[in-house]
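Participant: just need the structure, nothing else, for what follows:
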Amino acid sequence: MDSRVVSKAQLPELLDKLARDYILVAPVHEEETVTLFKKVSGANEVQLDYTNSDVSPKGCLFPQTEKTISYTYTGDTLDMKEAAEPPKTALFGVRPCDIKSILALDPVFEGKFLDSYYLDKRKNTVIIGLSCSKVLSTCFCTAFNSGPCDGSGADLMFTELGDKYYVEVNTDKGSSLVEAYSQFFGKQDTEQLAKAKEEQAKKLEGQFTRKVDLEGVKQVLDENFELPYWDKVFKKCLGCGICTFVCPTCHCFDIFDYVTGEVSGDRFRCWDSCMFPDFTLMAGGHNPRPSKKERVRNRFMHKLKYHLDRYNLEGCVGCGRCISKCPVNIDITQIIKDLKEVGQNA
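Facilitator: Modelled structure (predicted):
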């Protein structure tokens with residue numbers, strides 16, 4: 001792994017140049033209360049003092065709504081026009097938990113049936129991570145072998161250290177960007193800054209207030225599908241779906257066709273939620289998850305078991321968004337604790 005240094009004074013110019021050469025997506029404050037990732041025109045719009053965004057940056061690769069094809073019926077022929085090749089994109093300022101969430105999404109979209117809409121964006125996107133400088137009370141990424149300075153999965157990983165950023169170059173894609181903008185990436189003091197980063201990571205890891213132990217939880221779920229425990233949990237849930245909306249690893253979607261003319265239309269896909277009653281409703285009227293209990297159980301089974309079964313990767317990254325945004329305070333870390341107790345008392 002290579003490393004570089006970018007001075008804080010030069011970062012705005014670097015971001016301005018990236019915004020001219022790429023689609024630059026970065027954290028912004030919207031209406032001063034919400035932080036999310038959006039396309040920016042330059043460094044003046046980028047917010048670097050945020051802890052974690054309210055909505056994850058997964059929309060850069062898996063948009064909340066996207067048009068996949070346009071179609072026109074001409075006589076006996078259906079002409080279809082697919083979405084254009086996505087532009088080169090620089091996704092800047094991604095926190096470690098959200099970087100890990102992208103790694104969890106990758107196998108979903110590159111399975112037996114390749115999803116070109118996601119994969120083309122992934123190929124054309126360089127991910128520039130940014131280490132955390134603060135730990136929130138809802139954070140628990142360390143439960144998933146990550147941490148506030150973990151750059152695994154990023155092409156470049158920036159860590160703020162005084163008046164500099166220590167930059168880890170993790171991939172060929174990241175190396176190409178450093179080479180193209182070499183005037184901003186110095187080589188001085190990298191060994192000293194690497195040690196400073198390690199010290200900062202240890203300091204931040206000591207600030208976690210949620211101690212989450214996953215040992216034995218999956219085994220409980222493997223062996224106990226019909227746990228009476230879910231009767232207790234689901235009664236609090238409103239079924240609003242906010243947990244799935246803010247979750248960086250949720251990937252359910254629906255597909256709609258819209259008529260645009262007498263013989264033409266557009267096809268869109270948009271985020272959906274397994275917490276909604278109609279999500280599993282079949283054309284014949286049968287619903288395999290007819291009540292809120294089944295839907296709540298499925299959500300936590302997916303995060304703590306199903307994703308692991310399918311991809312050998314956790315379906316949760318410990319970002320804490322579902323905890324902070326749930327209007328009735330359903331807490332996945334408490335559910336993990338409760339499931340451990342079920343296993344110990346079995």
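Participant: how about the contacts made by Leu11?
Facilitator: Neighbour list for Leu11: 43, 165, 184 [criterion: Cβ atoms under 8 Å, 6 or more residues apart in numbering]. C-beta: built from backbone N, CA, C; applies to glycine.
Participant: format those as TSV; extra columns: secondary structure, distance to Asp213 and pLDDT.
Facilitator: Below are the contacts of Leu11 laid out as TSV (DSSP: H, G, I helix; E, B strand; the rest coil; distance: Cβ to Cβ, whole Å; pLDDT from 0 to 100):
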residue	secondary structure	distance to Asp213	pLDDT
Ala43	helix	41	97
Tyr165	strand	34	97
Phe184	helix	42	97
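Participant: just the buried ones from the residues you listed?
Facilitator: 43, 165, 184 (16 or more other Cβ atoms under 10 Å).
Participant: residues touching the first one, list them.
Facilitator: So the one you mean is Ala43. 11-16, 19.
Participant: would JSON lines of the residues you listed with distance to Asp2 and secondary structure be doable?
Facilitator: Formatted as JSON lines, the contacts of Ala43 follow (distance: Cβ to Cβ, whole Å; DSSP: H, G, I helix; E, B strand; the rest coil):
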{"residue": "Leu11", "distance to Asp2": "19", "secondary structure": "helix"}
{"residue": "Pro12", "distance to Asp2": "24", "secondary structure": "helix"}
{"residue": "Glu13", "distance to Asp2": "22", "secondary structure": "helix"}
{"residue": "Leu14", "distance to Asp2": "17", "secondary structure": "helix"}
{"residue": "Leu15", "distance to Asp2": "21", "secondary structure": "helix"}
{"residue": "Asp16", "distance to Asp2": "24", "secondary structure": "helix"}
{"residue": "Ala19", "distance to Asp2": "25", "secondary structure": "helix"}
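Participant: Lys337: what secondary structure?
Facilitator: helix (DSSP: H, G, I helix; E, B strand; the rest coil).
Participant: stretch 49-65 - what's its average pLDDT?
Facilitator: Averaged over stretch 49-65, pLDDT sits at 95.
Participant: kindly export that stretch (C-alpha atoms) in CSV.
Facilitator: This file holds the C-alpha atoms of stretch 49-65, laid out as CSV (Å, rounded to 0.1, in the frame of the first residue of the first chain):
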residue,chain,number,x,y,z
ASP,A,49,-17.3,18.8,9.6
TYR,A,50,-20.1,16.3,9.7
THR,A,51,-20.1,13.1,11.8
ASN,A,52,-22.2,10.9,9.6
SER,A,53,-24.7,11.7,7.0
ASP,A,54,-28.4,11.2,7.7
VAL,A,55,-28.8,9.3,4.4
SER,A,56,-25.9,7.0,3.2
PRO,A,57,-24.1,7.6,-0.1
LYS,A,58,-25.3,4.3,-1.6
GLY,A,59,-27.6,6.4,-3.8
CYS,A,60,-24.5,7.3,-5.9
LEU,A,61,-24.4,3.7,-7.0
PHE,A,62,-28.0,2.6,-6.4
PRO,A,63,-30.1,5.7,-6.9
GLN,A,64,-33.4,6.1,-5.0
THR,A,65,-35.1,6.4,-8.3
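Participant: who's in contact with it?
Facilitator: Taking Cβ under 8 Å, 6+ apart as the rule, stretch 49-65 contacts 25, 27, 29, 34-37, 89, 91, 94-95, 97-98, 101-102, 105, 109, 118, 121-122, 125, 132, 134, 136, 139, 245-249, 251, 253, 268-271, 319-321, 325.
Participant: what's the answer for stretch 323-332, then?
Facilitator: 54, 136, 138, 233, 236-238, 240, 242-243, 246, 300, 303, 316, 322, 333.
Participant: rerun at 10 Å
Facilitator: When contacts are defined by Cβ atoms under 10 Å, 6 or more residues apart in numbering, stretch 323-332 is touched by residues 52, 54-55, 136-140, 210, 212, 233-238, 240, 242-243, 245-247, 296, 299-300, 303-304, 316, 318, 320, 322, 333-334, 337-338.
Participant: quick one: the buried ones among the contacts of Leu11 as CSV, columns for distance to Tyr71 too.
Facilitator: Converted to CSV, the buried ones among the contacts of Leu11 look like this (distance: Cβ to Cβ, whole Å):
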residue, distance to Tyr71
Ala43, 41
Tyr165, 47
Phe184, 45
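Participant: show me where the stretch 151-300 of the chain has strands.
Facilitator: 156-161, 164-169, 253-259, 264-271 (DSSP state E, counting those that start in this stretch).
Participant: and the last one, average pLDDT?
Facilitator: Put plainly, it is strand 264-271. The model assigns strand 264-271 a mean pLDDT of 95.
Participant: buried stuff in that strand?
Facilitator: 267-269, 271.
Participant: report the two of the residues you listed separated the most.
Facilitator: Greatest spatial distance in the buried residues of strand 264-271: Arg267 and Trp271, 15.5 Å, computed using Cβ to Cβ.
Participant: please name the residues that touch Arg321.
Facilitator: Contacts of Arg321 by Cβ under 10 Å, 6+ apart are 52-56, 97-98, 136, 138, 242-243, 245-248.
Participant: helices along this structure, start to end?
Facilitator: Secondary structure of the chain (DSSP state H): helices located at 11-21, 96-109, 116-123, 172-180, 190-205, 217-223, 229-233, 242-246, 292-301, 307-311, 321-325, 332-345.
Participant: for those, which one sits closest to Glu160?
Facilitator: helix 190-205 (8.7 Å).
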